[in-house]
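[1] please find the sequence and the predicted model below.
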Amino acid sequence: MRKYIIAGNWKMNKTVAQSVELAKAVVEAAKGIKNTEVVIAPTFLATAKVADVVKGTNVKLAVQDVHFEDQGAFTGKVSVDMVKDLGVEYIILGHSEQRQYFGETDVSVNKKVKKTLAAGLKPIICIGETLAERQGGTLETVLRTQVTGAYAGLSEADALNTVIAYEPVWAIGTGVTASDEQAQDTQAFVRSTVKEIYGEKVSESITIQYGGSMKPDNAAGLLKQKDIDGGLIGGAALKADLFIAIVTAAEQSV
Ligand code: PEP
């Protein structure tokens, strides 16, 4: 049975005080949640304070990126050990905004994934196609390249500690979501790609989230799909009630 994971990516939103307030509201609302992993990813700046809020609760902490080097002259960057020290358990990697605006490539994602796993943390590996790629017929090539790139050199045991977030770029922050069928078909393809690399045991064990304008009103339909095991949530993660409504939809789909 795969673990459902609902992760809130707060992106570059909320001051530290606002982050603490939102984290407290999520912790309170998530108290009865038993079968779904609830994860929140504040900014780096708010991570330490939010860590204090989630400590000892069923809400897990994530960050939105990390650098692949251990330390040194890398202005503006943060290492895996630094976030691990704060109690971070998940690291979102390869988000399309990182790829689009900050030069993230499959090679840098792969290095970050390896560092994350070596530290005993779990990467949430984001993949997804643009609208032009989908319409141009290269959807499968793009996703296969992203998956094989991210997992290059990873053992089966490593792969079992990863999470994939399939996020069609055209659905992120746009209010347009993939239909249940589109998302299911694509996620089944992603799982089959993992199967090609690692075989059925791994492919059937890996949590594959959907991300892209998931909201309380479309979450249940998406989360009922066979190959959708949770969500990576942007906009709707910034309000505790919307986020928890999605968590509840996941809990009811388990
Ligand atoms: C995201 O950024 O990962 C995301 C899915 O954002 P949104 O929910 O706002 O589309």
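    Yes, it's here.

[2] next up, the contacts around the residue of the stretch 151-254 of the chain found nearest the ligand.
    Relative to the ligand, the nearest point of the stretch 151-254 of the chain is Gly234 (2.2 Å; C-beta to the nearest ligand atom). From N, CA and C alone the C-beta is placed, and that goes for glycine too. Shown in contact with Gly234 (C-beta atoms under 8 Å, 6 or more residues apart in numbering): Asn9, Lys11, Ile172, Gly173, Gly211, Ser213.

[3] may I have the secondary structure class of the fourth one?
    For Gly173, the secondary structure call by DSSP: H, G, I helix; E, B strand; the rest coil comes out as coil.

[4] re the thing from before, just give me the closest of the contacts of Gly234 to Lys226.
    Among the contacts of Gly234, Gly211 lies closest to Lys226 (C-beta to C-beta), at 17.5 Å.

[5] list the contacts for the nearest residue to Ile206 once chain neighbours are set aside?
    Leaving aside its sequence neighbours, Ile206 sits nearest to Val194 (C-beta to C-beta, 6 or more residues apart in numbering; 5.9 Å). Val194 makes contact with Val147, Tyr151, Ala159, Ile164, Val202, Ser203, Ile206, according to C-beta under 8 Å, 6+ apart.

[6] name the element Val194 belongs to?
    Assigned by DSSP states H and E, Val194 belongs to helix 180-198.

[7] CA atoms of the next helix or strand after that helix as CSV?
    Later in the chain than helix 180-198, the nearest helix or strand by DSSP H and E is helix 200-205. Coordinates of each C-alpha in helix 200-205 appear next as CSV, following Å, rounded to 0.1, in the frame of the first residue of the first chain:
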residue,chain,number,x,y,z
GLU,A,200,7.6,-3.7,-10.4
LYS,A,201,8.4,-3.8,-6.7
VAL,A,202,9.9,-0.3,-6.7
SER,A,203,7.4,1.2,-9.2
GLU,A,204,4.4,-0.1,-7.2
SER,A,205,5.9,1.3,-3.9
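
[8] show me what helix 200-205 is packed against.
    Judged by 3 or more C-beta pairs under 8 Å, 6 or more residues apart in numbering; DSSP states H and E, helix 200-205 is in contact with helix 156-159, helix 180-198.

[9] from the ones you listed, which stretch is densest packed?
    Among the helices and strands packed on helix 200-205, helix 180-198 has the highest mean neighbour count (mean count of other C-beta atoms under 10 Å), at a mean of 18.

[10] what about it, near the ligand?
    No. Figure legend: helix 180-198 not in contact with the ligand (C-beta under 6 Å from any ligand atom); closest approach 11.9 Å.

[11] what residues are up against Ser179?
    Ser179 makes no contacts at all, as judged by C-beta under 8 Å, 6+ apart.

[12] ok, it to Gly212 distance?
    Remark: distance between Ser179 and Gly212 (C-beta to C-beta, to the nearest Å) = 11 Å.

[13] got it, and Thr162?
    Thr162 is 20 Å from Gly212, by C-beta to C-beta.

[14] more crowded one of these two?
    Higher neighbour count among Thr162 and Gly212: Gly212, with 26 against 22, using other C-beta atoms under 10 Å.

[15] count of residues packed around the nearest residue to the more buried one once chain neighbours are set aside?
    Nearest non-adjacent residue to Gly212, counting by C-beta to C-beta, 6+ apart: Ala171, 2.8 Å away. Ala171 is flanked by 20 other residues according to other C-beta under 10 Å.

[16] thanks a lot, catch you later.
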